[in-house]
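K.L.:
What follows is a predicted protein model with its sequence.
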Amino acid sequence: MGNKVTTAIFPVAGMGTRFLPATKSVPKEIMTLVDRPLIQYAIDEARAAGITEFIFVTSRGKGALEDYFDLAPNLEEELRSKGKDALLEVLHKTNMDSGDIAYIRQHKALGLGHAVWCARRLIGDRPFAVILPDDVISAEKPCLQQMVEAYEETGGNMVAAMEVAPERTSSYGILDVEKEDGNLLHIKGMVEKPKAEESPSNLAVIGRYILSPSVLKNLDHVKKGAGGEIQLTDAIAAELDQGRKVYGYRFAGQRFDCGSKSGFLQATVSYGLARPELRDDLAAYLKDIVPGLG
Ligand code: G1P
């Protein structure tokens with residue numbers, strides 16, 4: 001049913017004010033979990049899902065992101081001359097072939113919907129994925145891959161979905177569910193950041209989307225929504241009014257909100273413990289400082 005999804009948009013224009021002063025000079029997407037920047041986790045997940053074209057929606061001050069995906073000839077030469085082949089290999093895995101990656105500027109911070117809309121001319125008439133690098137998802141099968149497999153059966157539009165605490169609905173896009181079919185949720189409505197008492201459910205949209213190009217057309221028209229911003233949620237909700245399908249997908253995996261300090265620290269601990277070379281030291285340290293742990 002659904003066409004193959006080969007392009008992903010990475011909205012990376014946000015200022016990252018929650019991480020000031022670090023983000024004064026370092027884009028938040030370059031902040032590292034263990035030794036890899038957040039953006040690398042997002043790219044690896046996209047590649048695993050079959051994505052071959054990467055579109056970054058950036059803003060002023062994000063030059064370090066472009067450099068990150070460029071070749072580093074001096075560094076490579078240095079490593080080669082010292083015979084550091086393992087590190088060279090690590091470096092090579094971050095390279096992108098010329099033409100696989102494109103950068104578009106979002107000139108004004110008008111919201112996530114606007115950021116995605118900025119990439120419209122590069123998308124054309126194909127379905128596309130959107131990955132929000134702040135949402136880091138640790139999973140045996142990468143989250144977007146799970147969704148692409150489900151989407152091959154359903155077509156339409158698909159968003160990653162997860163239950164959140166009822167008092168947290170005002171931080172998320174929230175789904176109004178018509179019926180559940182295993183991991184697949186048939187959606188009849190979506191609201192961006194509703195108050196707990198007005199929320200249709202506690203099923204939240206997490207930052208992975210597979211969208212039909214008609215969402216970009218909707219973004220031509222959607223009015224400012226929650227927080228005075230152009231919301232992607234509103235453009236997807238419009239698909240329902242136009243008789244097209246939207247599905248939620250309850251992914252298997254653990255999501256970390258790396259847009260928050262607490263989520264970022266939790267992810268650091270979790271990804272640290274997942275590294276065989278770090279696990280024992282880190283676990284011993286945690287047991288030492290947290291009474292009663294383990
Ligand atoms: C964005 C989306 C929201 C979604 C969230 C997931 O919000 O607008 O619908 O639930 O990402 O992380 P933001 O976190 O950028 O405010």
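P.N.:
Everything's here; your move. Numbers count the residues shown, from 1 in each chain.

K.L.:
Let me see the contact set for Leu132.
P.N.:
Leu132 makes contact with Pro11, Leu112, Gly207, Arg208 under the criterion CB atoms under 8 Å, 6 or more residues apart in numbering. Glycine gets a C-beta too; all of them are placed from N, C-alpha and C.

K.L.:
ok, and of those residues, which contact the ligand?
P.N.:
Leu112, Gly207 (CB under 6 Å from any ligand atom).

K.L.:
Between the contacts of Leu132, identify the one with the most neighbours.
P.N.:
Of those, Arg208 is surrounded by the most neighbours, 29 neighbours in total, counting by other CB atoms under 10 Å.

K.L.:
got a pLDDT number for that residue?
P.N.:
What the model reports as pLDDT for Arg208 is 98.

K.L.:
so it touches Val136, yeah?
P.N.:
No. With contact defined as CB atoms under 8 Å, Arg208 and Val136 do not form a contacting pair (11.1 Å).

K.L.:
which ones are touching the residue in the stretch 101-250 of the chain that the ligand sits nearest to?
P.N.:
Nearest residue of the stretch 101-250 of the chain to the ligand: Gly173, at 2.5 Å (CB to the nearest ligand atom). Gly173 makes contacts with Val159, Met190, Val191, Glu192, Lys193, Ala204, Val205, Gln231, Leu232, Thr233, as judged by CB under 8 Å, 6+ apart.

K.L.:
any idea how far it is from Ser138?
P.N.:
22 Å (CB to CB, to the nearest Å).

K.L.:
try Ile104
P.N.:
Note on Ile104: its distance to Ser138, by CB to CB, is 29 Å.

K.L.:
Next: Tyr271.
P.N.:
Separation of Tyr271 from Ser138 (CB to CB): 7 Å.

K.L.:
follow-up on the earlier one: how confident is the prediction for the residue of the stretch 101-250 of the chain closest to the ligand, by pLDDT?
P.N.:
97.

K.L.:
three-state assignment of the closest residue to Arg120 other than its chain neighbours?
P.N.:
Closest residue to Arg120 apart from its sequence neighbours, by CB to CB, 6 or more residues apart in numbering: Leu216 at 4.5 Å. Put simply, Leu216 is helix when judged by DSSP: H, G, I helix; E, B strand; the rest coil.

K.L.:
Quick one: name the residues of this structure near the ligand.
P.N.:
Residues of the chain lying near the ligand by CB under 6 Å from any ligand atom: 112, 132, 135, 172-173, 192, 204-207, 231-233, 259.

K.L.:
Could you export these to CSV, including columns for distance to Gly248 and secondary structure?
P.N.:
Shown next, in CSV, are the residues of the chain next to the ligand (distance: CB to CB, whole Å; DSSP: H, G, I helix; E, B strand; the rest coil):
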residue, distance to Gly248, secondary structure
Leu112, 17, helix
Leu132, 16, coil
Asp135, 15, strand
Tyr172, 12, coil
Gly173, 10, strand
Glu192, 15, strand
Ala204, 9, strand
Val205, 8, strand
Ile206, 10, strand
Gly207, 13, strand
Gln231, 17, coil
Leu232, 14, helix
Thr233, 12, helix
Gly259, 21, coil
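
K.L.:
Most neighbours among the residues you listed, which one is it?
P.N.:
Counting neighbours by other CB under 10 Å, Leu232 leads the residues of the chain next to the ligand with 31 neighbours.

K.L.:
where in the stretch 151-294 of the chain is pLDDT low?
P.N.:
Residue ranges of the stretch 151-294 of the chain with pLDDT under 70: 294.

K.L.:
Closest to Asn183 out of the contacts of Gly173?
P.N.:
Taking CB to CB as the measure, Asn183 lies nearest Val159 of those, at 12.6 Å.

K.L.:
surely the closest one meets Arg250?
P.N.:
No. Using CB under 8 Å, Val159 is not in contact with Arg250; the gap is 10.7 Å.

K.L.:
of these two, who's got more company?
P.N.:
Neighbours around Val159 and Arg250, counted as other CB under 10 Å, are more numerous at Val159. The numbers are 27 against 17.

K.L.:
What backbone torsions are found at the closest residue in space to Ala129 that isn't next to it in sequence?
P.N.:
Spatially, and ignoring its direct neighbours in sequence, Ala129 is nearest to Ala8 (4.1 Å; CB to CB, 6+ apart). The phi/psi pair for Ala8 (degrees, to the nearest 10) reads phi -130, psi 140.

K.L.:
Run through the residues that contact Ala8.
P.N.:
Ala46, Ile51, Glu53, Phe54, Ile55, Phe128, Ala129, Val130, Ile131, Leu144.

K.L.:
Done for today, thanks.
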